[in-house]
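Trainee: Give me a 3D structure for the following:
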Amino acid sequence: MAGATSRPRPPIPRRTLLTGTAAATVALTGAAACSRVPQGDALARLTSRGTVRLGIAGEVPYGYVNDQGAFTGEAPELAKVIFKRLGIDRVQPVATDFSSLIPGLNSQQFDVVSAGMYINKDRCAQVLFADPEYQMLDAFIVRKGNPKGLHTYEDVVRAKARFATGTGYAEIKYATAAGYPEQDIVILQDQVAGLNAVESGRVDVFAGTALTVREVVKKSSKAEATEPFAAVVGGKKKIDGGGFAFRPTDAALRDAFNTEIHRMKQSGELFRILRPFGFTQAEMTTLTAKELCR
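Mentor: Residues are numbered from 1 along each chain as shown. Reported below is the predicted structural model:
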């Protein structure tokens with residue numbers, strides 16, 4: 001889940017492009033989108049329509065299409081519960097690549113981003129975030145035995161390791177903050193491509209969220225995940241939090257969503273929804289969007 005870089009890059013999608021139902025959803029929704037921001041109460045509008053369109057990015061376990069062709073993931077499943085309680089019976093996931101989520105939100109392709117997106121200062125200048133449903137550390141995919149001893153971004157710099165991560169990932173910023181040359185970073189489609197690159201020896205390390213990294217290496221005989229760690233930026237350790245994003249005009253909708261997510265945190269229901277997707281109690285959080293936006 002994961003700040004965009006400023007260096008121009010070819011438009012490589014962050015996630016595996018989804019086919020079938022997902023692709024059709026993108027095409028239909030994109031064609032219907034308009035650039036004019038609708039006015040008025042977003043919650044009332046969505047309640048009247050009976051449907052909320054959710055922008056997802058095809059990443060396990062945040063939001064993706066499963067083997068049965070159904071949309072699932074921690075964010076869509078959480079959205080189904082919360083929006084139902086807000087009076088909106090149907091959620092319609094809209095699949096796109098990660099770098100298109102915020103532009104798609106602001107151009108009406110969907111109503112909410114539900115991709116477990118990291119909350120940071122740059123993104124907070126473009127959208128409104130609900131308080132995070134989880135907190136997350138980073139981890140690396142490395143060869144079995146971790147022959148280069150890579151446990152932090154500083155280790156990667158010191159070892160002059162061939163470093164890769166995903167397009168739009170916050171890990172790009174963390175690597176450059178440690179001194180890794182941005183022009184040398186290998187940008188790959190997603191964590192599966194990262195695993196393949198490490199296994200084949202094309203790169204020494206792929207950086208991602210601790211959860212996605214530990215899930216993707218489970219069946220690998222050639223690669224492993226490092227222990228989770230906090231990146232250091234400006235002398236401070238970074239603990240990220242992922243949450244739902246809303247248009248700047250939809251503060252009332254965001255606030256209503258926040259009320260429900262706070263209740264779910266207090267009751268333990270939030271963890272019960274996230275646990276099947278690999279989350280642990282260590283990844284539950286009391287962080288707020290305000291704190292992460294600083």
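Trainee: My read is that residue 139 contacts residue 223, right?
Mentor: No - the criterion here is Cβ atoms under 8 Å, and residue 139 misses it with residue 223 at 11.8 Å. (Glycine included, C-beta is placed from N, CA and C.)
Trainee: Which helix or strand lies directly C-terminal to the longest helix anywhere in the chain?
Mentor: Scanning the chain for the helix with the most residues, using DSSP state H, yields helix 251-267. As assigned by DSSP states H and E, the chain's next helix or strand after helix 251-267 is helix 269-274.
Trainee: And that following helix, what does it pack against?
Mentor: helix 74-85, helix 251-267 (3 or more Cβ pairs under 8 Å, 6 or more residues apart in numbering; DSSP states H and E).
Trainee: Quick check: which of the ones you listed is buried the most?
Mentor: Ranked by mean neighbour count under mean count of other Cβ atoms under 10 Å, the helices and strands packed on helix 269-274 are led by helix 74-85, which reaches a mean of 21.
Trainee: Of the helices and strands packed on helix 269-274, which is nearest residue 218?
Mentor: Proximity to residue 218, assessed across these by Cβ to Cβ, is greatest for helix 74-85 (17.5 Å).
Trainee: From the rest of the structure, what touches that closest one?
Mentor: Contacting residues not belonging to helix 74-85 are listed as 46, 52, 54, 56, 61-63, 91, 93, 112, 114-116, 133-134, 244, 257, 260-261, 264, 269-270, 273-274, 277, 279 [Cβ atoms under 8 Å, 6 or more residues apart in numbering].
Trainee: swap in stretch 140-150?
Mentor: By Cβ under 8 Å, 6+ apart, stretch 140-150 touches 151, 155-156, 159, 161, 191, 194-195, 198-199, 201, 204-208, 213, 216-217, 221-226.
Trainee: In helices only, show me these.
Mentor: 155, 156, 159, 191, 194, 195, 198, 199, 213, 216.
Trainee: buried stuff in stretch 50-66?
Mentor: By 16 or more other Cβ atoms under 10 Å, the buried positions in stretch 50-66 come out as 52-65.
Trainee: Which pLDDT value belongs to residue 57?
Mentor: At residue 57, the pLDDT value in this model is 87.
Trainee: can you give me phi and psi for the residue nearest to residue 129 when sequence neighbours are not counted?
Mentor: Leaving aside its sequence neighbours, residue 129 sits nearest to residue 289 (Cβ to Cβ, 6 or more residues apart in numbering; 4.1 Å). Phi and psi for residue 289, reported as degrees, to the nearest 10, are phi -60, psi -40.
Trainee: Test my guess that residue 289 contacts residue 127.
Mentor: No - counting by Cβ under 8 Å, residue 289 does not reach residue 127; the two are 10.3 Å apart.
Trainee: Go ahead and name everything in contact with stretch 257-274.
Mentor: Outside stretch 257-274, the residues touching it (Cβ under 8 Å, 6+ apart) are 74, 77-78, 81-82, 85-86, 130-131, 133-134, 244, 246, 279, 281, 283-284, 286.
Trainee: what do you get if the cut-off is 6 Å, keeping everything else the same?
Mentor: 74, 77, 78, 82, 85, 130, 131, 284 (Cβ atoms under 6 Å, 6 or more residues apart in numbering).
Trainee: still on that earlier bit, return a selection command, for use in ChimeraX, containing the buried ones of the contacts of stretch 140-150.
Mentor: Buried members of the contacts of stretch 140-150 can be picked out in ChimeraX with the line below, counting by 16+ other Cβ under 10 Å:
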select :155,156,161,191,194,195,198,199,204,205,206,207,208,213,216,217,223,224,225,226
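Trainee: hang on, the earlier thing: farthest pair in the contacts of stretch 257-274?
Mentor: Farthest pair in the contacts of stretch 257-274, by Cβ to Cβ: 85 and 284, 20.0 Å.
Trainee: re earlier: residues near the residue nearest to residue 129, how many?
Mentor: 19 (other Cβ atoms under 10 Å).
Trainee: which residues in the stretch 101-250 of the chain form strands?
Mentor: 112-118, 128-129, 134-136, 138-143, 163-166, 186-188, 205-209, 223-225, 231-233, 236-238, 240-246 (DSSP state E, counting those that start in this stretch).
Trainee: and the first one, what does it pack onto?
Mentor: So the one you mean is strand 112-118. strand 51-56, helix 74-85, helix 101-106, strand 240-246 (3 or more Cβ pairs under 6 Å, 6 or more residues apart in numbering; DSSP states H and E).
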